[in-house]
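Enquirer: Just to be clear, the model below is a prediction. Sequence and coordinates:
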Amino acid sequence: MEVLYVIAGILVLCVIAIKLFFIKEGNAKVKVRVDQRTPFKMEELTKDSVTFSTKIEFANAGTQCATIMDCFVRAQLPYEQFDGVKVEGKAEWEQAPREDDYFESVLIQKKQSIYVLAKVKLIARKNGDIKETLTHMVDLPMDIIYLELGRRPWKLLKEHILLPNEEIAKIVGIELAED
Amino acid sequence: MPDVEIVSVPTRILTTKDDIVDIVEKYTKGKIGENDVISVAESVVAITQGRIVRPEELKLTRVALFCCRFIPDQGSLASPHGMQSLMDVEGKWRVAFALFAGFLGKLVGQNGIFYKWGGEQTALIDDVTGTMPPFDKHIVYGPKNPQDVVKRLKERLGCFGAVIADVNDLKRSRIVGVTDGVDGSKVAHLLIDNPFGNASQKTPIVIIKNFKQYQS
C-alpha cells in the first residue's frame, strides 16, 4: 500500500512540475494594436481611384514565437449603403512588400513586433471620377483578418478599423456633399 | 586537374504535379557531364512527391498539443501542427516515447535520442514559413525513398552521382540521400554556403562540376 502512495505522490509531483514548466515557458501572445495605428495616408490618386494605407503593429507580447500565416483586409461596404465605389483591400508586411497580394507567412519572435500595412483601394464604379464620387462617401469599416499559429492550434482572428468619411475627404482634399 | 565548380540552376516553382527526375533532366540538359554530381534540395523533392500538408488539415491530438511544448521555441516540431504531422507518419506513441527517452537521455548527458528514436522524419519536417511561397503555408515532410530518387537521377542523367541535400543559410548542410561512390560529407562541405539560395532565387538544383576529380 505504501508503494502505491509513493507512486501516486511521484505522479502528482510530475504533474505539478510539468504545469510549472508550462507556466514558466509561457506562450505567444499576439496583440494587433489597431488603436495605435498610424493615420491613413494617400498612397496613390488617379482619375478613377484612390489608395489609402495605415500601418498596424502586430506585437508578440508573449514568451514564445508566433506565426502569422495569413492576413488580409476585408472591406465592409455593401452596395446598399454606398454603391459609388468598389473597394479592394490588401494587407502587406511592411518589411517585405509584395505586388501580388500574397501574404507570406511570417514569424514574430517573442517580445518583437512586425508592422502590417492595411491598404484599401477605392475605385469609382459609375462616373469614373473618384474625387466627385467621394463627396458622397460614407464611413468605410474594414476587418483585419489574420491566421495565427503558435503553441496552440491555429486560429482565425480579426480586428476592426474604421476609415471615417471626414478623414477620406480631408486626405483627398474635397468637401463632403450634404446628402 | 579541372577545378570543382558549383552551378546553381534556376527553375520555375515546382509543385506536386511535377516529377523530380523529369524536371532535373529538363533544366540541366546540356549542362551536366559524367564527372559531375547533381544535387537537389530536400524540400523540393518532398514537394514533388506530394509530401506536404496544411496545418488546417491536421486533426490535432492532445498528445501532440502536450509534446510540442517540450520542443525548443524555434524547432519545426514546436507547434502542435508540426508535432502532429510527425505523429501522423511515425506514430504518436512512438514519438511521445522518443521524446520522453530524449528527456531522460539529456539528464545523463546523452543528446539526440529523440531524433534517433522518433523516426527519420523527426529531423526532416519543416513547419510553416520553412519553405518558399506558396509552400510557406504548408508543413513539408522529408522526401520519401531518397535513395531511390538519387539512383534514378544518376541513371537518367548519366552523371557521376546524385544527392538530395538539406541546406540552409545557417551553415547547416546535410545529405539525405546519396548514390554509391559519392562521398556525402564532401558534398555537404561544398554546399555549406547554400547555393540553393533563398526562396526568391528559385534554384533547387545545383550541379557540382568535376566532383569526381575533386573527390579522388
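Expert: It's in. Remember, predicted model here, so these are calculated numbers, not experimental data. Numbers count the residues shown, from 1 in each chain, chains lettered A, B, ... in the order given.

Enquirer: low-confidence ranges in chain B?
Expert: B:1, B:198-201 (pLDDT under 70).

Enquirer: Just the helices from it, written as ranges.
Expert: Taking DSSP state H as the test, the helices found in chain B are B:20-27, B:42-48, B:62-67, B:80-90, B:92-107, B:113-117, B:146-157, B:184-190, B:211-215.

Enquirer: Then chain A?
Expert: A:2-25, A:130-134, A:165-172.

Enquirer: Would you mind naming what in chain A lies close to chain B?
Expert: By the rule C-beta under 8 Å from any C-beta of the partner chain, the part of chain A lying against chain B is A:21-22, A:25, A:64-65, A:67, A:69-70, A:102, A:104-107, A:110, A:149-154. No exception for glycine: its C-beta is placed from N, CA and C like everyone else's.

Enquirer: nearest residue to residue 59 other than its sequence neighbours?
Expert: No chain was given, so I picked chain A. Nearest non-adjacent residue to A:Ala59, counting by C-beta to C-beta, 6 or more residues apart in numbering or on different chains: A:Ser113, 4.3 Å away.

Enquirer: nope, chain B please
Expert: Using C-beta to C-beta, 6+ apart and skipping the chain neighbours, the partner closest in space to B:Lys59 is B:Gln84 (7.5 Å).

Enquirer: show me what contacts the one you found?
Expert: For B:Gln84, the contact set (C-beta atoms under 8 Å, 6 or more residues apart in numbering or on different chains) comprises B:Leu58, B:Lys59, B:Leu60, B:Thr61, B:Ala64.

Enquirer: The residue in chain A positioned nearest to chain B and B:Arg156, how far apart?
Expert: Nearest residue of chain A to chain B, counting by C-beta to the nearest C-beta: A:Ser105, 4.3 Å away. Distance, A:Ser105 to B:Arg156, using C-beta to C-beta, to the nearest Å: 34 Å.

Enquirer: Looking only at neighbour counts, state which of these two leads.
Expert: Shown here are A:Ser105 and B:Arg156; by other C-beta atoms under 10 Å in any protein chain shown, A:Ser105 has more neighbours (22 against 14).

Enquirer: Just give me the residue closest to the centre of chain B.
Expert: For chain B, the residue nearest the mean C-alpha position is B:Glu42 (2.9 Å; C-alpha atoms, centre = their mean).

Enquirer: same question but for chain A, I mixed them up
Expert: A:Ile144 (3.5 Å).

Enquirer: Any idea what it is bridged to?
Expert: Beta-bridge partners recorded for A:Ile144 (DSSP bridges): A:Val73, A:Glu159.

Enquirer: Pretty sure it sits against A:Glu159.
Expert: Yes. The criterion here is C-beta atoms under 8 Å, and A:Ile144 meets it with A:Glu159 at 4.7 Å.

Enquirer: Please enumerate the shared neighbours of the two.
Expert: Common neighbours of A:Ile144 and A:Glu159 (C-beta under 8 Å, 6+ apart) are A:Val32, A:Val34, A:Ile56.

Enquirer: Skipping its backbone neighbours, what lies nearest B:Ala123 in space?
Expert: Leaving aside its chain neighbours, B:Ala123 sits nearest to B:Tyr115 (5.0 Å; criterion: C-beta to C-beta, 6+ apart).

Enquirer: distance of that neighbour from B:Asp169?
Expert: 21 Å.

Enquirer: Looking at those two, which is more packed in?
Expert: Set B:Tyr115 next to B:Asp169 and count neighbours by other C-beta under 10 Å: B:Tyr115 wins out with 15 against 10.

Enquirer: so that one touches B:Ile125, yeah?
Expert: No. Judged on C-beta under 8 Å, B:Tyr115 makes no contact with B:Ile125 at a distance of 11.2 Å.

Enquirer: for chain A, what spans make up the strands?
Expert: Secondary structure of chain A (DSSP state E): strands at A:30-33, A:41-45, A:49-60, A:66-75, A:85-93, A:106-108, A:113-124, A:140-149, A:155-163.

Enquirer: hmm, who's touching the second one?
Expert: By C-beta under 8 Å, 6+ apart, the surrounding residues in contact with strand A:41-45 are A:Val50, A:Thr51, A:Phe52, A:Ser53, A:Thr54, A:Lys119, A:Lys121, A:Ile130, A:Ile171, A:Val172.

Enquirer: just the fifth one next, same as before
Expert: The set of residues that contact strand A:85-93 without belonging to it, under C-beta under 8 Å, 6+ apart, is A:71-75, A:77, A:98, A:101, A:103-104, A:106, A:114-125, A:130, A:133-134, A:137, A:140, A:142, A:144, A:146.

Enquirer: likewise the fourth one?
Expert: With contact meaning C-beta under 8 Å, 6+ apart, strand A:66-75 is reached by A:28-30, A:58, A:60, A:87-91, A:93, A:103, A:105-108, A:114, A:116, A:118-120, A:140-150, A:154, A:158, B:55, B:79, B:127-129, B:137.

Enquirer: Which of the residues you listed are buried? Put it as a ChimeraX command.
Expert: Remark: buried members of these, expressed as a ChimeraX selection using 16 or more other C-beta atoms under 10 Å in any protein chain shown:
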select /A:28,30,58,60,87,89,90,91,93,103,105,106,107,108,114,116,118,119,120,140,142,143,144,145,146,147,148,149,150,154 /B:55,79,127,128,129,137
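
Enquirer: Can you give me the neighbour number for A:His160?
Expert: Counted by other C-beta under 10 Å, the residues lying close to A:His160 total 11.

Enquirer: is it true that it touches A:Asp143?
Expert: Yes. With contact defined as C-beta under 8 Å, A:His160 and A:Asp143 form a contacting pair (5.7 Å).
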